[in-house]
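A.B. asks: fold the following.
(chains A and B)
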Protein chains: 2
Amino acid sequence: MDIALEEARRAAAAGEVPVGAVLTDATGAVLAVAGNRTEAEEDPAAHAEMLVLAQARAARGGKYLADCTLTVTLEPCAMCAGAIAAFRVKRVVFGAYDPKTGAVEHGPRVFFHATTHHKPEVIGGVRDSDCSALLKEFFAGFRSA
Amino acid sequence: MDIALEEARRAAAAGEVPVGAVLTDATGAVLAVAGNRTEAEEDPAAHAEMLVLAQARAARGGKYLADCTLTVTLEPCAMCAGAIAAFRVKRVVFGAYDPKTGAVEHGPRVFFHATTHHKPEVIGGVRDSDCSALLKEFFAGFRSA
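C.D. replies: Numbering: from 1, shown residues only, chains lettered A, B, ... in the order given. Below you'll find the model as predicted:
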């Protein structure tokens, strides 16, 4: 989560909503890191999770990331949770809970349906306060600007 | 839906699960067409919907596709439904219902939560039998092979 937090800080410094992600393999080796790039790319799909999934797949070849852990500072949205399932990621570790757009523990709860093809192990709330603090600080900056 | 069906047929001919999509703007002009390319790209995220969203955004510039209609032969999964919401697509027209992986009328029902940021107009079941027939024929081919 330290690496993901560092990516989130970089994102904030670049004017992006501060979310960072890291993808590691079964040995803990880092396959990909990314921060949110929706503003830089003008792409609503350029979430940190989508970027690390794409990078890791491209780097390794093959279709799936079934031995991997995706660590991200914010609860994934429906798009990212769906992609995590599609890539068959083994484990998802996330920081801050997101009652608004989160789709793992909130709203669509993408992994928790009878029809879910792939349900990763989910560990939420890891360093929640550090991850949340970055987001709160970022949005407070907007409000006071 | 004719264009989307044609893309789905092309996908089948290329050994892909036959799903096709087309993205049109407010005037009905076609901005992007694509078939599923998960096998060709070895990319579980290369669903027809993700491809047309990315193509249309790249072609037009700007972040959102708020005046657009996405037409696809199969009910979108959670990843694609989440992306459709992220791109603020105005209307989603889909063909075959998908009780297994569909996330619009089934399972996560991505657009139907109190927390949903963007809820597109949804029209499902358009030429359901034509769209389903392609999929059934494709998978029957596998079983008899």
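
A.B. asks: residue boundaries of the strands in chain A?
C.D. replies: Remark: strands assigned in chain A by DSSP state E are A:20-24, A:30-35, A:69-74, A:91-96, A:121-123.

A.B. asks: give me the residue ranges of chain A where confidence is low.
C.D. replies: A:144-145 (pLDDT under 70).

A.B. asks: reformat the strands of chain A as TSV; add distance to residue B:70.
C.D. replies: The C-beta positions use only the backbone N, C-alpha and C, and glycine is treated the same way. TSV is the format used below for those (distance: least, C-beta to C-beta, whole Å):
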stretch	distance to residue B:70
strand A:20-24	26
strand A:30-35	26
strand A:69-74	26
strand A:91-96	27
strand A:121-123	29
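
A.B. asks: need these in JSON lines (columns: mean neighbour count).
C.D. replies: Converted to JSON lines, the strands of chain A look like this (neighbours: other C-beta atoms under 10 Å in any protein chain shown):
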{"stretch": "strand A:20-24", "mean neighbour count": "27"}
{"stretch": "strand A:30-35", "mean neighbour count": "22"}
{"stretch": "strand A:69-74", "mean neighbour count": "27"}
{"stretch": "strand A:91-96", "mean neighbour count": "24"}
{"stretch": "strand A:121-123", "mean neighbour count": "13"}
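
A.B. asks: can you list the buried residues in the top helix by length along chain A?
C.D. replies: When chain A is parsed with DSSP state H, its longest helix is helix A:128-144. Residues of helix A:128-144 classed as buried: A:131-132, A:134-135, A:138 (neighbour count, 16 or more other C-beta atoms under 10 Å in any protein chain shown).

A.B. asks: is that helix in proximity to chain B?
C.D. replies: No - between helix A:128-144 and chain B, judged by C-beta under 8 Å from any C-beta of the partner chain, nothing touches; the nearest distance is 15.4 Å.

A.B. asks: go on, stretch A:88-103?
C.D. replies: Yes - legend: contact between stretch A:88-103 and chain B by C-beta under 8 Å from any C-beta is shown at A:88, A:99-101, A:103.

A.B. asks: quick one: buried ones out of these?
C.D. replies: Using 16+ other C-beta under 10 Å, the buried ones in those are A:88, A:101, A:103.

A.B. asks: now do the last one against residue B:59, distance only.
C.D. replies: The one in question is residue A:103. According to C-beta to C-beta, to the nearest Å, residue A:103 stands 28 Å off from residue B:59.

A.B. asks: check the first one too.
C.D. replies: Using C-beta to C-beta, residue A:88 is found at 31 Å from residue B:59.

A.B. asks: ditto for residue A:52
C.D. replies: For residue A:52, the distance to residue B:59 - C-beta to C-beta - is 26 Å.

A.B. asks: of the two, who's got more company?
C.D. replies: Remark: of residue A:52 and residue B:59, residue A:52 carries more neighbours, 30 against 10, as counted by other C-beta atoms under 10 Å in any protein chain shown.

A.B. asks: what sits against the more buried one?
C.D. replies: A:21-23, A:31-34, A:70 (C-beta atoms under 8 Å, 6 or more residues apart in numbering or on different chains).

A.B. asks: name the nearest of the residues you listed relative to residue B:8.
C.D. replies: residue A:70 (30.6 Å; C-beta to C-beta).

A.B. asks: so the closest one touches residue A:25, yeah?
C.D. replies: No - with contact defined as C-beta atoms under 8 Å, residue A:70 does not reach residue A:25; the gap is 11.1 Å.

A.B. asks: which positions in chain A make contact with chain B?
C.D. replies: So chain A meets chain B at A:38, A:42-45, A:50, A:53-54, A:57, A:61-64, A:77-83, A:85-88, A:99-101, A:103, A:106-110, A:113-117 (C-beta under 8 Å from any C-beta).
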